[in-house]
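A.B. asks: could you work out the structure for the sequence below:
(chains A and B)
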Amino acid sequence: MKIVLKNVNLLNPEQKLNEKNVSVLIEDGKFKKIGKLSDAETKDAKVYELSGKYLVPGLFDMHVHLREPGREDEETVVTGCNAAASGGFTGIACMPNTDPAIDSAEVVTLILKQSAKHLVDVYPVGAATIGRKGEVLSPMAELKDAGVVGFSDDGVAIKTASILKRSLEYAKMFDIPIIEHCEDESLAGGAMNESINSTLLGLPPIPSVAEDLIVMRDILMAEYTDSKVHIAHISSKKSVEMVREAKKKGIKVTAEVAPHHFTLTDDAVKTYDPNVKMNPPLRTKADVEEIIKALKDSTIDCIASDHAPHSLEEKEMEFEYAPNGIIGLETQVGLAFTELYHKKVLTLDQMIEKLSINPRKILNLKVPQIKEGESADVAILDPDVIWTVDKTKFKSKSLNTPFDKRLLTGKSVGVINNCKMFIDGKFTEI
Amino acid sequence: MSLSSRHLLGLKDVPKEDIQLILDTATTFREVLERPIKKVPTLQGKTIVNLFYESSTRTRISFELAEKRLSADSINFAVSGSSVSKGETLKDTVKNIEAMKVDMIVVRHACAGVPLMLTKISNSNVINAGDGIHEHPTQALLDMYSIREKLGKLEGLKVCIVGDVAHSRVALSNIYGLKTMGAKVSVCGPSTMIPKFLDELGVNVIHNIDEAIQENDVLNVLRIQLERKAREYFPSIREYSQYFGIDRERLEKNGKDILILHPGPINRGVELSSEIADGSSQIILQQVTNGVAVRMAVLYLLGTLN
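C.D. replies: Sure, this is the predicted structure:
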């Protein structure tokens, strides 16, 4: 089958590609021709007029919680992938806090089997320790062979310094990063960031130093073992500053930020809406400002949603009882464009680096090329379209977002990967 | 005159006029409580639910009595023996109660924000009887009533809240209310029991109880919640009572007689010596009586709105 993407702008900083108003012929999922197309070439092709839109390497979200196995009522591999495609992503890494955890090749195989025929490529992150309990190392070699791209006890930090040290040493054999949820266990358990707002709202606080302590520990351990650590969902000013300094010293540390941590502050908790409860919690204006600065100066490598589906009844509970986390796959691009591109924090090139190229590099994955002969793995972005978030239209099985009804500028129009296309809310074979 | 809100969720944004109105109305009801027949027909035909998700003796009894004195029909919903143990969500419970056509809900819950949540799922007037470590507005109102009754005013008074401020819902409501009424508010307690950013509220923080006695007109001494997590925030009860407890010797040393309030129940020998508890008991027990009058005022003003 042939499709033509007409008058589209090509952008891939990895290839130093930046061309305006080009036509692209894709046949059987491969780039057949890029440039001027003759009538014969476009004959029988489905043509998409895309002037003003950008064709970029398919976006990649390296922090997604699929709830399969365990909580398929909240999200399955397939519904999570549908949400990813709808949000502009052709690849996701899924975190291991499933039930059972992704600590055996069998669970990896199950997830890969469920996603095998999908447009979206799924790369599981394996648990660093069995059951994410922080006691016994997971079978990392076997997990790697089964297909995992990172190791994490996500949801919690690796429990002790000694297990962290061994995890980093062992993972180093495969050049695979340890992805850390940075939170000191003894300071955890609160419901929101410790600030004047936690006092005013009477909610049990989580101090930002809980994050900072583990970021510091992990950076020191990455330096000591000369191994790779990736800081998940960084949220505090001090943590960002430590990552910046560590990078200057050449320590192998990378970091991601979730859209809610550069969009909202803990002022949002004043509504007691459980849809603003997440871990790490929303922080203060000073933290958000530092994150913005760190996105600009590349201290923060990439943007990742921390997509965390929860059932309606769980998120309708009392704020303190409700579980942490919000969904993010279908609002991430809109929030990033609104808050970062249109506010001139990041250029379009930098946006693509942070939403597509850098997360793949962190996980040692090939960056898709927009080149004749290559398989088409792309997203079509419209940076200027103004739209209103409508959670009832989400492909995700869950609805827990604080961004419903929010006006955003910029979104994904469609994606192409694995001989499939998602556009206008539907999947088609191409 | 009527209140500017149809709920009482906290004292944070309650204007001075509203507090004044509640305290003045309470004075009227306080007089009713001294009559041989202590009942008025004001809320006849109104149905009030006391929705208590957390055990409480005195607040619940005080509300119940206030409701009965106003001739309202009251229903008590307590955690034990209710559907909570069957795993029903708060939303479902409230919807069910509301389907029975109630007019007002008095709610106590271990989680902050529940009263606000109720206003979104129910059409009743909601009164916060204590939510987590957030607010307990009727307690602060009765404290202010008692201070005003004893000292004749609130404006310009110096009031210090003593003890576990961080885990107290009484403290925050008192801070808001007293500041609105023009009092100068400080807090005194071990630094582990004072929220980190409290000074941003314009509250002076001190850690020396003698200083607190010398510099204030009123001490509102909080209960150390020995049954809760509070126990982990100071080394020992012995040390707490030595450094923050108030006894006769300490008052004499500072050469000062000071008005002492306590929301009860008192840990005798911890935050207050028995001698002080009994010595000032006139006001501490007066607080309890005033509590009924203040709650009658709140119920009346909300129940007769519109």
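A.B. asks: any chance you could map the helices in the chain?
C.D. replies: Looking at chain A here, since you left the chain open. A:39-42, A:77-87, A:105-115, A:140-146, A:161-172, A:196-201, A:209-225, A:237-248, A:259-263, A:285-296, A:312-315, A:332-336, A:348-352, A:358-362 (DSSP state H).
A.B. asks: sorry, I should have been clearer: chain B.
C.D. replies: Under DSSP H, chain B gives helices at B:16-32, B:58-69, B:90-99, B:114-121, B:137-151, B:169-180, B:209-215, B:237-244, B:248-253, B:274-279, B:281-303.
A.B. asks: need the winner for burial among these.
C.D. replies: Among the helices of chain B, judged by mean count of other Cβ atoms under 10 Å in any protein chain shown, the one packed with the most neighbours on average is helix B:169-180 (a mean of 26). (Each C-beta comes from the backbone N, C-alpha and C, glycine too.)
A.B. asks: who's in contact with that helix?
C.D. replies: With contacts defined as Cβ atoms under 8 Å, 6 or more residues apart in numbering or on different chains, helix B:169-180 is touched by A:199-200, A:202, B:10-12, B:14-16, B:19, B:130-137, B:139-141, B:143-144, B:154, B:157, B:159, B:161, B:165, B:185, B:187, B:201-203, B:220, B:222, B:263.
A.B. asks: so how far is stretch B:54-66 from its chain's centroid?
C.D. replies: On the basis of Cα atoms, centre = their mean, to the nearest Å, stretch B:54-66 sits 11 Å off its chain's mean C-alpha point.
A.B. asks: what would the helices of chain B look like in CSV with mean pLDDT and distance to A:Glu223?
C.D. replies: As requested, the helices of chain B are arranged in CSV below (pLDDT from 0 to 100; distance: least, Cβ to Cβ, whole Å):
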stretch, mean pLDDT, distance to A:Glu223
helix B:16-32, 97, 58
helix B:58-69, 96, 55
helix B:90-99, 91, 48
helix B:114-121, 96, 46
helix B:137-151, 97, 52
helix B:169-180, 97, 44
helix B:209-215, 96, 48
helix B:237-244, 93, 42
helix B:248-253, 92, 54
helix B:274-279, 88, 58
helix B:281-303, 93, 60
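A.B. asks: reformat those helices as TSV; add distance to A:Asn418.
C.D. replies: Shown next, in TSV, are these (distance: least, Cβ to Cβ, whole Å):
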stretch	distance to A:Asn418
helix B:16-32	63
helix B:58-69	62
helix B:90-99	42
helix B:114-121	44
helix B:137-151	59
helix B:169-180	56
helix B:209-215	71
helix B:237-244	66
helix B:248-253	77
helix B:274-279	76
helix B:281-303	62
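A.B. asks: ok, so what distance separates A:Gly328 from chain B?
C.D. replies: 23 Å (Cβ to the nearest Cβ, to the nearest Å).
A.B. asks: OK, contacts around that residue?
C.D. replies: A:Ala258, A:Pro259, A:His260, A:Ser305, A:Asp306, A:His307, A:Ala308, A:Thr401.
A.B. asks: and with 6 Å instead?
C.D. replies: A:Ser305, A:His307 (Cβ atoms under 6 Å, 6 or more residues apart in numbering or on different chains).
A.B. asks: for the residue in the stretch 151-300 of chain A that chain B sits nearest to, grab the count of nearby residues.
C.D. replies: Using Cβ to the nearest Cβ, the closest approach of the stretch 151-300 of chain A to chain B is made by A:Gly202 at 2.5 Å. Other residues within reach of A:Gly202, judged by other Cβ atoms under 10 Å in any protein chain shown, total 26.
A.B. asks: re the thing from before, out of the contacts of helix B:169-180, list just those in strands.
C.D. replies: B:Gly130, B:Asp131, B:Val159, B:Ile161, B:Val185, B:Val187, B:Asn220 (DSSP state E).
A.B. asks: pick the one among those closest to chain A.
C.D. replies: B:Asp131 (6.8 Å).
A.B. asks: surely the closest one and B:Ala110 touch.
C.D. replies: No - counting by Cβ atoms under 6 Å, B:Asp131 does not reach B:Ala110; the two are 8.1 Å apart.
A.B. asks: more neighbours, the two?
C.D. replies: Shown here are B:Asp131 and B:Ala110; by other Cβ under 10 Å, B:Asp131 has more neighbours (30 against 16).
A.B. asks: who's the more buried one bridged to?
C.D. replies: B:His109, B:Glu135 (DSSP bridges).
A.B. asks: list the contacts of it.
C.D. replies: B:Asp131 neighbours (Cβ under 6 Å, 6+ apart): B:His109, B:Ala112, B:Val114, B:Pro115.
A.B. asks: do that again at 8 Å, thanks
C.D. replies: So B:Asp131 contacts A:Gly202, B:Val107, B:Arg108, B:His109, B:Cys111, B:Ala112, B:Gly113, B:Val114, B:Pro115, B:Arg169 (Cβ under 8 Å, 6+ apart).
A.B. asks: again with A:His307
C.D. replies: So A:His307 contacts A:Asp61, A:His63, A:Val64, A:His65, A:Gly80, A:Ala83, A:Ile327, A:Gly328, A:Leu329, A:Ser396 (Cβ under 8 Å, 6+ apart).
A.B. asks: from B:Val14, how far out is the fourth one?
C.D. replies: Using Cβ to Cβ, to the nearest Å, one gets 42 Å for the distance from A:His65 to B:Val14.
A.B. asks: what does the second one give?
C.D. replies: A:His63 sits 43 Å away from B:Val14, going by Cβ to Cβ.
A.B. asks: how about the residues of chain B near chain A?
C.D. replies: Within reach of chain A by Cβ under 8 Å from any Cβ of the partner chain, chain B has these residues: B:12, B:89-91, B:109-114, B:116-117, B:131-135, B:169, B:172, B:195-198, B:200-201.
A.B. asks: now do 7 Å
C.D. replies: Neighbours of chain A within chain B, by Cβ under 7 Å from any Cβ of the partner chain: B:89-91, B:109, B:111-114, B:116-117, B:131-135, B:169, B:172, B:195-198, B:200.
A.B. asks: ok, back up a step: which of the helices of chain B sits closest to A:Cys94?
C.D. replies: helix B:90-99 (31.1 Å; Cβ to Cβ).
A.B. asks: what is the closest one packed up against?
C.D. replies: Secondary-structure packing of helix B:90-99 (3 or more Cβ pairs under 7 Å, 6 or more residues apart in numbering or on different chains; DSSP states H and E): helix B:114-121.
A.B. asks: now do the helix it packs on: distance to the chain's middle.
C.D. replies: On Cα atoms, centre = their mean, the centre of helix B:114-121 falls 19 Å from that of its chain.
A.B. asks: and if you look at stretch B:179-189?
C.D. replies: The answer for stretch B:179-189 is 15 Å, by Cα atoms, centre = their mean.
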